[in-house]
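**Q** 3D, please:
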Amino acid sequence: MSDNWITVIPEDPRLVPEEHRQEQARCWFARNAPRAEMIELVVSDQIEFRDCGSNFERIACPSCGTEIPVEWWQQRMDDDYDGGFKLSRYPMPCCDASFTLHELTYEWPQGFGRFALHVMNPQIGELSAAQREELERTLGTPLRVIYQHI
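**A** All right, here's what the predicted structure looks like:
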């Protein structure tokens, strides 16, 4: 059997929302996804990668839109990891631009962060723009929403 997750992370990978905001966001999901199998708050000392599982399609350069080879990305992931991700800037293989791994364009969205809110099998589909905005107000920060299929 497969599982579907909604994971929300701050757009700022280093940001950890205040504890009361985290709990309010957990409660938001408890109200809006009452059939979810699990709602989990995760705070890490280091920056971690949050992937989209089998939803992954491609990675592109935010500057020129060229697809980035997965092999190049995997090497940068290895280079950047030191017990957590440093999120150093890397020159793109396609143009003169430099970006962190978090800033790349992932289809479907993926990202990096110290904080994550995971919801397993929420049975609510994708979040609407209004729901996303409400969660952003609740957590006090712009968010990246990751839909993971395992």
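
**Q** I'd guessed residue 110 sits against residue 51; true?
**A** Yes: between residue 110 and residue 51 there is a contact under CB atoms under 8 Å: 5.0 Å. C-beta: built from backbone N, CA, C; applies to glycine.

**Q** Next, show the common contact partners of those two.
**A** residue 146 (CB atoms under 8 Å, 6 or more residues apart in numbering).

**Q** higher neighbour count, those two?
**A** Shown here are residue 110 and residue 51; by other CB atoms under 10 Å, residue 110 has more neighbours (23 against 16).

**Q** residues touching that one, list them.
**A** 49-52, 56, 146.

**Q** pLDDT value on it, please?
**A** You'll see residue 110 listed with a pLDDT of 98.

**Q** ok, now residue 98?
**A** For residue 98, pLDDT reads 98.

**Q** Just give the nearest non-adjacent residue to it, would you?
**A** residue 89 (4.4 Å; CB to CB, 6 or more residues apart in numbering).

**Q** all strands in the chain, in order from the N-terminus.
**A** 4-10, 38-50, 58-60, 90-91, 98-99, 105-107, 111-120, 143-149 (DSSP state E).

**Q** Who does the residue sitting nearest the centre point of the chain form a beta bridge with?
**A** Geometric centre of the chain, nearest residue: residue 111, 3.7 Å, by CA atoms, centre = their mean. With DSSP bridges applied, residue 111 shows beta-bridge pairing to residue 50.
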